[in-house]
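> Sequence unavailable; structure follows:
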Ligand SMILES: O=C(O)[C@@H](CO)OP(=O)(O)O
Ligand SMILES: [Mg+2]
């Protein structure tokens, strides 16, 4: 029996030192699941609403917990998530908070898996999952909203596209991160780290491109397989007054499209996330038309893991891949719906962490369960390695 017998909610720390929501779900037969909500800094305008942790917990205790306990089966994910939606009563979880909702949704999934004695990825994805692994995109240099006085572009991402195993891919990204640290030392550049553990150097984007390119090719030579790199431009954060604001001037939308297309060409980029503003489907479509056969153009703030925004993108031909963040939409069922729609229309899927994270490893299981093409979950910091190490364990059949 997987009927939920109790739900506890508490405030815990995230990696930025902010409060977030952790949920424990217990079932009649002793199944147990624990999960915590992550939190974004460069959040999309259309994301589900994160409430202050105390408020989210109080509201979920009042509205959601009584509806779930003794009534809903933890193994029945749709029922759990429909109950969360009904208890909330809004379309963006602004009543109980997407942070409470996603923590309960993920904890229920883990309790369901525990009751079955199955690993989470198998409970979510079925018996035939566990052989295919996503390519990890590793944030190695960054700035934007994740670090002050660093690059304009939010994330430079190592992409070990030729790695023969997930383990080798994870170690390749760590080697790229380390090599970049050495290059900074050689050049006398003092760099701290941003919210996700990437280097946050006080250099221009241009210099960052040159350094990341050098590090990636050196490590590729060492390990003997292909490593490319990509970007999260988080361009909605730069878009102000009808133009993209860079430290050395602004670019119109047409100039931004040309700039990104040139970067794809020059650096053979594997991936470009949010190169344009979150409201500009048309510009996304134009760029996708120009370079979509050479690289992934990914919508994060553009789609916010939301099926209706994704459908608009599909109709417009905007992007060819989607970033998937369960807390952007608030439940695992909604997350699965977005993935299913993406796959149906040939969009690649990238399961992603947030800049504020905990030691929770749900997204590693989600990526394997859904056969995702990529996972973006950092490179070195503990809350990032929690997910990367979990992928290695899943590959080793040790979860
Ligand atoms: O923009 C992003 O893709 C994410 C994760 O890297 O950042 P944040 O969680 O701050 O939105
Ligand atoms: Mg992003």
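Alright, I've got the coordinates. Small disclaimer: the values here were computed from a predicted structure and weren't measured. Ligands and ions are numbered 1, 2, ... in the order given.
> which bits of the stretch 151-300 of the chain sit near ligand 2?
Residues of the stretch 151-300 of the chain lying close to ligand 2 (Cβ under 5 Å from the ion) are 232, 300. The C-beta positions use only the backbone N, C-alpha and C, and glycine is treated the same way.
> Any chance of the backbone angles for the residue of the stretch 151-300 of the chain found nearest ligand 2?
Going by Cβ to the ion, ligand 2 is nearest to residue 300 of the stretch 151-300 of the chain, at 3.6 Å. Backbone dihedrals for residue 300, given as degrees, to the nearest 10, come out at phi -110, psi -80.
> cool, residue 20 as well?
Main-chain torsions, residue 20, degrees, to the nearest 10: phi -130, psi 170.
> wait, what's in contact with it?
By Cβ atoms under 8 Å, 6 or more residues apart in numbering, the residues touching residue 20 are 11-14, 36-39, 53, 99, 103, 356, 358.
> And residue 37, by the same measure?
Counting by Cβ under 8 Å, 6+ apart, residue 37 touches 20, 21, 22, 50, 98, 99, 100, 102, 103, 327, 358.
> now, among these, which is nearest to residue 74?
Distance to residue 74 across these (Cβ to Cβ) is lowest for residue 103, with 13.7 Å.
> The residue of the stretch 151-300 of the chain closest to ligand 2 and residue 323 touch, don't they?
Yes. The criterion here is Cβ atoms under 8 Å, and residue 300 meets it with residue 323 at 3.8 Å.
> where do the contact lists of these two overlap?
Shared contacts of residue 300 and residue 323 (Cβ under 8 Å, 6+ apart): 273, 352.
> sorry, back to before: I'd like to know how many residues surround the residue of the stretch 151-300 of the chain closest to ligand 2.
As a burial measure, residue 300 scores 28 neighbours (other Cβ atoms under 10 Å).
> quick one: contacts for it?
By Cβ under 8 Å, 6+ apart, the contact set of residue 300 is 44, 232, 234, 273, 274, 322, 323, 325, 352.
> cutoff 6 Å now
273, 274, 323 (Cβ atoms under 6 Å, 6 or more residues apart in numbering).
> Same list (those) but as JSON lines, adding distance to ligand 1.
JSON lines is the format used below for the contacts of residue 300 (distance: Cβ to the nearest ligand atom, whole Å):
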{"residue": "273", "distance to ligand 1": "6"}
{"residue": "274", "distance to ligand 1": "7"}
{"residue": "323", "distance to ligand 1": "6"}
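> on that earlier part again, who wins on neighbours among the contacts of residue 37?
residue 103 (35 neighbours).
> what's the closest non-adjacent residue to that one?
The spatial neighbour of residue 103 that comes closest, neighbours along the chain excluded (Cβ to Cβ, 6 or more residues apart in numbering), is residue 23 at 3.9 Å.
> same check, this time on residue 251
In this structure, residue 251 finds its nearest non-sequential neighbour in residue 244, 4.5 Å apart by Cβ to Cβ, 6+ apart.
> isn't the one you found right next to residue 238, touching?
Yes. With contact defined as Cβ atoms under 6 Å, residue 244 counts as touching residue 238 (4.7 Å).
> Just name whatever secondary elements the strand or helix carrying residue 157 is in contact with.
Element membership of residue 157 [criterion: DSSP states H and E] is strand 155-159. Contact analysis of strand 155-159 by 3 or more Cβ pairs under 6 Å, 6 or more residues apart in numbering; DSSP states H and E lists strand 135-142, strand 228-232 as its packing neighbours.
> other SSEs contacting the shortest one?
Right, the one you point to is strand 228-232. Applying 3+ Cβ pairs under 6 Å, 6+ apart, one finds that strand 228-232 contacts strand 155-159, strand 271-273.
> how about a cut-off of 10 Å?
Under the contact criterion of 3 or more Cβ pairs under 10 Å, 6 or more residues apart in numbering; DSSP states H and E, strand 228-232 touches strand 135-142, strand 155-159, helix 205-223, helix 253-267, strand 271-273, strand 296-299, strand 374-376.
> can you give me the offset of the first one from its chain's centre?
Think strand 135-142. 11 Å (Cα atoms, centre = their mean, to the nearest Å).
> How is the chain partitioned into domains?
Using automatic domain parsing, the domains assigned to the chain come out as 4-117, 135-395.
> Can you redo those as CSV, where the extra columns are mean pLDDT?
Listed next are those as CSV, based on pLDDT from 0 to 100:
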stretch, mean pLDDT
domain 4-117, 98
domain 135-395, 98
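> any chance of the ones you listed in JSON lines, with distance to residue 128 too?
What follows is these, written out as JSON lines (distance: least, Cβ to Cβ, whole Å):
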{"stretch": "domain 4-117", "distance to residue 128": "16"}
{"stretch": "domain 135-395", "distance to residue 128": "9"}
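> Where does the stretch 1-150 of the chain get nearest to ligand 2, residue-wise?
Closest approach between the stretch 1-150 of the chain and ligand 2, counting by Cβ to the ion: residue 42, at 6.2 Å.
> Where strands are concerned, which of the contacts of residue 37 count?
Counting by DSSP state E, these place 20, 21, 22 in strands.
> who touches the closest residue to the first one other than its chain neighbours in this structure?
Ranked by Cβ to Cβ, 6+ apart and with sequence neighbours excluded, the top spatial neighbour of residue 20 is residue 14, at 4.4 Å. If you count contacts by Cβ atoms under 10 Å, 6 or more residues apart in numbering, residue 14 has them with 20-22, 36-39, 53, 354-360, 383.
> What is the burial count for residue 158?
31.
> ugh, typo on my part, it should be residue 92
Residues within reach of residue 92, counting by other Cβ under 10 Å, total 15.
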